[in-house]
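S.K.: how does the following fold in three dimensions:
(one chain, ligands or ions: 1)
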Amino acid sequence: MRLFAQYYNTMFTQSLGDDLILTRLSQTCQPGDQFLDLCCGSGRVLTFPLDHGVKAVGVDKDAEMLAEARHFLPARFDGRYQLLQRDALDLDFEGQFRVVTCVSHCMSFFRGAETIQRLLERVYRSMVAGGLFFIESYVPGKPENGYYRKLTFHVDGGDLTCTLQVSEESDPSDGSVVKVFTYDLEKDDRLEKEVYRVGEVFLTPIIEMAKQIGFQVEGVYGDSNATVPFDGTSETQSLLLKKM
Ligand SMILES: C[S@@+](CC[C@H](N)C(=O)[O-])C[C@H]1O[C@@H](n2cnc3c(N)ncnc32)[C@H](O)[C@@H]1O
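M.R.: Residues are numbered from 1 along each chain as shown. Below is the predicted model of the structure:
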């Protein structure tokens, strides 16, 4: 398994800072409700609804991340969650979920108006009336081109070093900015590179599309915990939508 998949939760669980909203969203669920996490990776978000007794589904297109999720989620959750390997854009649920999340900047994976429209429509269809959809992404322009960070973790009897560098390129199809997140990982004699290409997510067009589809905006926030009103100065932004 790739180092990134194996140690994603170790590297990021402490730093993502969305535990308050994930707890709050899990607590809005009533018996029988279900929770869907898009781009669930190695299962970090799913622990919140599962800890609150809520059934949960995680969707991710990466088989290794899902394999690590199976390993990461404790046995006490067995039988109460499902992990599906698929593209979130191919979601085909009907009226099933009380809460849908797409966090730790994963909304930025969906680039371009058509793609975002498709995602919003599929999510809307998958939800029950009154359901909540919470998304989080970086504010456009953040993190800045040239951003560099090196962290070391002590894992499995050795040091894991993770270096992140952010650069920019232009999407040849429409000239939009693509942020390239390059993670260089090193453990023992293994050296691996993981590259994520993400788009810049502007909330205004998403809000317009969401309203057309039938969502109501519950809040626009300047953090990943939905506690700080959005004023454009923060590094992250989040949006809480409700299916009417
Ligand atoms: C960095 S991880 C985030 C994990 C998780 N959301 C969390 O908060 O811990 C990003 C994940 O998004 C997944 N992903 C990206 N685009 C996707 C798509 N279109 N459909 C499903 N999964 C996707 C990747 O496979 C990867 O596992």
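S.K.: grab the nearest non-local neighbour of Asp90.
M.R.: Residue nearest to Asp90 in three dimensions, not counting chain neighbours: Arg122, with 7.7 Å by C-beta to C-beta, 6 or more residues apart in numbering. No exception for glycine: its C-beta is placed from N, CA and C like everyone else's.
S.K.: burial of that neighbour, as a residue count?
M.R.: By the measure other C-beta atoms under 10 Å, the count of residues near Arg122 is 17.
S.K.: contacts only, for it.
M.R.: The neighbourhood of Arg122, defined by C-beta atoms under 8 Å, 6 or more residues apart in numbering, consists of Ala88, Leu89, Asp90, Leu91, Asp92.
S.K.: quick one: Ile206 is in a helix?
M.R.: Yes. Judged by DSSP: H, G, I helix; E, B strand; the rest coil, Ile206 forms part of a helix.
S.K.: which element, helix or strand, includes the residue nearest to Asp90?
M.R.: Under DSSP states H and E, the secondary-structure element containing Arg122 is helix 113-126.
S.K.: distance of Leu132 from the ligand?
M.R.: With distances defined as C-beta to the nearest ligand atom, to the nearest Å, the gap from Leu132 to the ligand amounts to 17 Å.
S.K.: use 59 as the first number from now on
M.R.: Right, with 59 as the first residue, what we last looked at is Leu190.
S.K.: let me know the pLDDT of the residue of the chain positioned farthest from its centre.
M.R.: Here the chain has its C-alpha centre computed as a mean, and the residue farthest from that point, by C-alpha atoms, centre = their mean, is Asp247 with 30.5 Å. Asp247 carries a pLDDT score of 94 in this model.
S.K.: repeat that for Leu74.
M.R.: Among the per-residue scores, Leu74 holds a pLDDT of 86.
S.K.: in contact with it, which residues?
M.R.: The contact partners of Leu74, taken as C-beta under 8 Å, 6+ apart, are Arg102, Val161, Ser162, Ser282.
S.K.: and the protein, what are its domains?
M.R.: Taking automatic domain parsing as the reference, the chain has its domains at 61-198+259-301, 206-257.
S.K.: now the helices for this structure?
M.R.: With DSSP state H applied, the chain shows helices at 61-70, 77-85, 105-109, 121-130, 171-184, 261-271, listed in chain order.
S.K.: and the first one, which residues are buried?
M.R.: Right, helix 61-70. The neighbour-count check on helix 61-70 (16 or more other C-beta atoms under 10 Å) flags Leu61, Phe62, Ala63, Gln64, Tyr65, Tyr66, Asn67, Thr68, Met69 as buried.
S.K.: where does the residue nearest to the second one when sequence neighbours are not counted land on pLDDT?
M.R.: Same thing as Phe62. The shortest distance from Phe62 to any residue other than its chain neighbours is 4.2 Å, reached at Glu252 (C-beta to C-beta, 6+ apart). The score at Glu252 is 98. That number is its pLDDT.
S.K.: residues contacting the residue positioned nearest the centre of the chain?
M.R.: When the chain is reduced to its mean C-alpha position, the closest residue under C-alpha atoms, centre = their mean turns out to be Val161, at 2.9 Å. Counting by C-beta under 8 Å, 6+ apart, Val161 makes contact with Leu74, Asp76, Leu80, Asp95, Val103, Phe192, Ile193, Glu194, Ser282, Ser296.
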